[in-house]
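*Asks:* have a look at this fold, sequence not included:
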């Protein structure tokens with residue numbers, strides 16, 4: 001909740017501790033969403049709030065102590081299987097095998113989840129045009145080259161529609177409320193869950 005400090009003419013705000021998980025496959029637009037003006041109206045967090053990645057959470061022994069976004073690539077498990085298995089087709093995510101997700105899902109801090117939705121064609125086109133994994137401004141580390149060939153391989157190894165349905169099922173299993181958002185629309189149109197079942201995400 002914002003208030004104006006008339007003595008300093010600076011906007012300050014009071015709010016409760018909370019976490020927002022911004023999720024979806026690689027190149028669905030998680031980083032772009034986090035920098036958009038729609039972030040606050042949709043998530044009640046600010047674009048200046050810290051962004052945490054799963055690799056920093058796997059060794060944590062306690063909850064997050066500050067409000068933050070968690071940038072979660074839902075292809076994490078499929079990626080590991082794709083790298084380590086001779087079988088490259090028909091992969092499905094078992095999210096419970098992801099140590100970072102196991103810890104995130106048990107956080108007692110109030111948490112909501114944004115699920116960004118895009119079709120296979122849109123994801124592939126974004127992968128082909130992407131140069132770096134993440135910017136230094138987002139991670140604090142020098143950017144690494146993005147391997148479009150690898151991630152297209154991961155994407156093509158699974159049924160994207162089933163992948164989204166499985167992720168939503170996992171969120172319900174751990175009791176996390178989520179909002180489906182069409183990341184192909186500039187205004188981040190909110191989708192009803194029933195709409196997800198009728199989308200042709202594998203096109």
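*Replies:* Received the coordinates, thanks. The model shown is predicted, which means the values in this text are computed figures rather than measured ones.

*Asks:* any stretches of the protein with poor pLDDT?
*Replies:* Along the chain, segments meeting pLDDT under 70 span 1-15, 58-64, 86-92, 135-141.

*Asks:* in it, what residue spans correspond to helices?
*Replies:* 30-34, 39-43, 76-84, 99-105, 120-129, 136-139, 148-156, 160-173, 193-198 (DSSP state H).

*Asks:* so which of those helices comes closest to residue 56?
*Replies:* For the helices of the chain, proximity to residue 56 was assessed by CB to CB; helix 99-105 is nearest, at 8.6 Å. Bear in mind the C-beta positions are built from the backbone N, C-alpha and C, glycine included.

*Asks:* by contact count, what packs against that closest one?
*Replies:* If you count contacts as 3 or more CB pairs under 8 Å, 6 or more residues apart in numbering; DSSP states H and E, helix 99-105 packs onto strand 68-73.

*Asks:* could you dump the helices of the chain to TSV with distance to residue 183 and mean neighbour count?
*Replies:* TSV is the format used below for those (distance: least, CB to CB, whole Å; neighbours: other CB atoms under 10 Å):
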stretch	distance to residue 183	mean neighbour count
helix 30-34	7	19
helix 39-43	12	17
helix 76-84	18	17
helix 99-105	20	18
helix 120-129	8	16
helix 136-139	17	13
helix 148-156	15	17
helix 160-173	12	17
helix 193-198	13	12
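
*Asks:* export the ones you listed as a markdown table, with columns for distance to residue 23.
*Replies:* Formatted as a markdown table, the helices of the chain follow (distance: least, CB to CB, whole Å):
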| stretch | distance to residue 23 |
| --- | --- |
| helix 30-34 | 7 |
| helix 39-43 | 12 |
| helix 76-84 | 10 |
| helix 99-105 | 10 |
| helix 120-129 | 14 |
| helix 136-139 | 16 |
| helix 148-156 | 15 |
| helix 160-173 | 7 |
| helix 193-198 | 14 |
